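**Q** The following comprises the amino acid sequence and a computationally predicted model.
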Number of protein chains: 2
Amino acid sequence: MNKKRTTIKDIANVLNISPAAVSKALHDDSRISLKTKAAVKRVAKELNYQPNHLASALRRGKSNLVGVVVPKTNSNFFSSVVEQMEAVLNKAGYNIIITQSNESFEKECKNIDTLLYTQVDGIIASMANETVDLSYYEKIKANGIPLILFDRGENDLNVDYVGIDDYNSSHVIVEHLISKGCKRIAHIGGYRRTRIFNNRIKGYIDAISKNNLPIDDSLIIESSLTLEDGRKEMAHLLQLENRPDAVYVASDYAALGALQVLNENNIKVPEEIRLIGFGNEPFTSLVTPSISSIDQHSKDIGRIAAETFLKRVEEPKLKQSLNKIILNAELIIRDSSK
Amino acid sequence: MNKKRTTIKDIANVLNISPAAVSKALHDDSRISLKTKAAVKRVAKELNYQPNHLASALRRGKSNLVGVVVPKTNSNFFSSVVEQMEAVLNKAGYNIIITQSNESFEKECKNIDTLLYTQVDGIIASMANETVDLSYYEKIKANGIPLILFDRGENDLNVDYVGIDDYNSSHVIVEHLISKGCKRIAHIGGYRRTRIFNNRIKGYIDAISKNNLPIDDSLIIESSLTLEDGRKEMAHLLQLENRPDAVYVASDYAALGALQVLNENNIKVPEEIRLIGFGNEPFTSLVTPSISSIDQHSKDIGRIAAETFLKRVEEPKLKQSLNKIILNAELIIRDSSK
DNA sequence: TACTTTTGCTTAAACGTTTAAGCAAATATA
DNA sequence: TATATTTGCTTAAACGTTTAAGCAAAAGTA
């Protein structure tokens, strides 16, 4: 029963060489003979040597851990983003620590503290809806480690950002609806204080104007975009004396709520009201009728965010600066807008 | 510009005391005067001292990190389990590292290696569907750190396990369907090699027998329980000359697939065929008709798994042994079986 | 007063690894 | 053959923290 785990010293003792030589042999240092390397690796395997990550991280001042902050892992978008990130970072020798804020600012701050405390080499984050105070993110920057934002970001932080073109997505949606003959297009959006939702609203307004339709403020709604919000706001829209003939909802969850209310009121979708969501969650293709939605290229976002991080660690001299990488989103047309 | 982060030494220098005293002051050691403690904490705040977790973990031989292995974060069950775990463990001073296997055995092994390498103090895991070879889990045990399994576990490992009573859940479902007058109840289940799915199948068979209904092998199907599997197997059941009047599907995703096929074939649910799923995923209440399902008490499972881990670290002398904690699952009755 | 105990610190080693510096032997170069 | 270079290691310090052991001063006790 070897209570203690085997260390580099143990291997050194067996072979009567110094721990330094063992360390170098394990790292394939050119100054160690092939013979010694082979012997070290053989003994390491025999003694079931497992390197102590804490010790090496401490010595090297680098943990090879990347912290990830997301609002919720429980959404297809984020889990897919994270999956890609992990693939890219693992390949480069990094492991990731996933934390979720549950859309709570307080939890988000705690998570950031945890990650910094765990000595991560960088943080890749998407902000909670609640987040307006950026001091915790400044803390990351002050720490000197790279910070990469995706999806829900902030220009003011002057860091790398990866996301889709929300403004343009709204244009694509509005123009698709107009091409189907819609004249009164409502928008159930998020709160303007969140950059991405603000961009969707602006895109919506500009696209409506561009196509010479009137802007009707009663058709523009801000909410938290939960399923319940979708139900509530759709019910509200149905009570207007001049109903919309299309609704563009800035989240699939809220779009689903809206669809439920439409179904319950026996309003035919798409014939009477066309509906479009945002995010391309799997359930959009599963419900009846299936919901048209915007695909956010989650895999690309995950991959690019990870690659951006790697670029930053490779070139630490490069000062952090606003560096936006914007992908074109894709409208997936389904039954709800056909 | 202080390039370097402040350490305990820096604080010691400012106050002209030893680093040891600073460390003790920060940990509220009783042998340090209140005056010194106050001074240390003041200076620590002034210099924005952040403890180096790697150093303390190395010295103490304890990382205060718990590894979590799940098949997919992208499911309501697992994300909810993890959320509760995190809450309990954070309170006890632990942080968690979430890894997902994507139902791949190979990825699961990699994840376990990563976690061991990161020097976690314990691992809480739910196995991938593929996993039959348990050698990697033996590796965790050999490492001497606690291993807790939940939902998808294995008796052979002789470790703590938290899950629901799958066998009994099948009884509850079958009896509910019989009470609605069903006589030919089909079961689209998982593969028997996975313990929980085997239990569901056994529960189904025993419940059918107990209620003096015939066992019809053509009504018992094993599959991977994806949405596609649900579609395929439901289509298959519809082609039987003697159709079932109820289908109990061992996963909500497969149940959804089944429902789609029923809807497409204009078969009235629940009038012609009643349908019940498993897992109580949020979408079960969102689709039309809403799907009856089993709630797995994800919050309780997460909480209890975390508490079990904490018990293990508190009493390391206690030998690991098979310790099953089984919760009663709850049938949520919705339109698909009313 | 003379002792024991308590208080409040210090010293020094340790955790396991990496790495700069150094040195002897082997090999290459002139 | 004498000198320079390369090879293959060793030594020792360092990363930042914790902690056992120890010690002087202060406080308590007889």
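**A** On my side now, so go ahead.
**Q** Around chain B, which positions in the stretch 151-300 of chain A sit nearby?
**A** Residues of the stretch 151-300 of chain A found near chain B (C-beta under 8 Å from any C-beta of the partner chain) are A:Leu227, A:Leu256, A:Gln260, A:Asn263, A:Phe283, A:Leu286, A:Val287, A:Thr288. Every residue, glycine included, has its C-beta placed from N, CA and C.
**Q** what sits against A:Ser80?
**A** With contact taken as C-beta atoms under 8 Å, 6 or more residues apart in numbering or on different chains, A:Ser80 is in contact with A:Ser298, A:Lys299, A:Gly302, B:Asn74.
**Q** so how many other residues sit close to the first one?
**A** Think A:Ser298. By other C-beta atoms under 10 Å in any protein chain shown, the residues close to A:Ser298 number 23.
**Q** And for the third one?
**A** A:Gly302 has 27 neighbours, counted by other C-beta under 10 Å.
**Q** Apart from its neighbours in sequence, what residue is nearest it?
**A** Distance criterion C-beta to C-beta, 6 or more residues apart in numbering or on different chains; nearest residue to A:Gly302, sequence neighbours excluded, is A:Gln84 at 3.0 Å.
**Q** again with the first one
**A** Taking C-beta to C-beta, 6+ apart as the measure, A:Ser298 lies nearest to A:Ser80, with 3.9 Å between them; neighbours along the chain are not counted.
**Q** list the buried ones in the host helix or strand of that neighbour?
**A** Remark: A:Ser80 resides in helix A:76-91, with elements defined by DSSP states H and E. Of the residues in helix A:76-91, A:76-86, A:88-90 count as buried by neighbour count, 16 or more other C-beta atoms under 10 Å in any protein chain shown.
**Q** Restricted to buried residues, select the residues of the stretch 151-300 of chain A next to chain B in PyMOL.
**A** Command for PyMOL that selects the buried part of those, burial taken from 16+ other C-beta under 10 Å:
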select buried, chain A and resi 227+256+260+283+286+287+288
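**Q** Does A:Tyr248 touch A:Glu175 like I think?
**A** No. Between A:Tyr248 and A:Glu175 there is no contact, the gap being 11.1 Å when judged by C-beta atoms under 8 Å.
**Q** Those two: which is more packed in?
**A** Neighbours around A:Tyr248 and A:Glu175, counted as other C-beta under 10 Å, are more numerous at A:Tyr248. The numbers are 31 against 14.
**Q** Can you tell me the SS state at the more buried one?
**A** Under the three-state scheme (DSSP: H, G, I helix; E, B strand; the rest coil), the conformation of A:Tyr248 reads as strand.
**Q** measure it to A:Ala258 for me?
**A** Separation of A:Tyr248 from A:Ala258 (C-beta to C-beta, to the nearest Å): 10 Å.
**Q** Identify the contacts common to those two.
**A** Counting by C-beta under 8 Å, 6+ apart, the residues touching both A:Tyr248 and A:Ala258 are A:Ile188.
**Q** For the residue in the stretch 201-338 of chain A that DNA strand C sits nearest to, give me its contacts.
**A** Scanning the stretch 201-338 of chain A for proximity to DNA strand C using C-beta to the nearest atom of the strand identifies A:Val313 as nearest, at 14.5 Å. If a contact means C-beta under 8 Å, 6+ apart, then A:Val313 has A:Asp121, A:Gly122, A:Pro146 as its contacts.
**Q** do A:Thr226 as well
**A** With contact set as C-beta under 8 Å, 6+ apart, A:Thr226 has these partners: A:Tyr253, A:Ala254, A:Gly257.
**Q** In terms of pLDDT, where does whichever residue of the stretch 51-200 of chain A sits closest to DNA strand D sit?
**A** In the stretch 51-200 of chain A, the residue found nearest to DNA strand D is A:Arg59; the distance is 3.3 Å by C-beta to the nearest atom of the strand. pLDDT for A:Arg59: 95.
**Q** so it is in which element?
**A** Under the criterion DSSP H and E, the helix or strand holding A:Arg59 is helix A:53-60.
**Q** touching DNA strand C at all, the next helix or strand after that helix?
**A** Using DSSP H and E, the helix or strand that follows helix A:53-60 in sequence is strand A:65-70. No. Using C-beta under 7 Å from any atom of the strand, we find that strand A:65-70 stays clear of DNA strand C, coming within 14.9 Å at best.
**Q** got the CA positions of strand A:65-70 in PDB?
**A** This file holds the C-alpha atoms of strand A:65-70, laid out as PDB (Å, rounded to 0.1, in the frame of the first residue of the first chain):
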ATOM      1  CA  LEU A  65      -6.800  26.300 -17.000                       C
ATOM      2  CA  VAL A  66      -9.300  28.600 -18.700                       C
ATOM      3  CA  GLY A  67     -12.400  29.800 -16.900                       C
ATOM      4  CA  VAL A  68     -15.700  30.000 -18.700                       C
ATOM      5  CA  VAL A  69     -18.600  32.100 -17.500                       C
ATOM      6  CA  VAL A  70     -22.000  31.500 -19.100                       C
END
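**Q** the strands in chain A, which residues?
**A** Counting by DSSP state E, chain A has strands at residues A:65-70, A:95-100, A:122-125, A:147-150, A:160-164, A:185-189, A:220-222, A:246-249, A:274-276, A:293-295, A:323-327, A:330-332.
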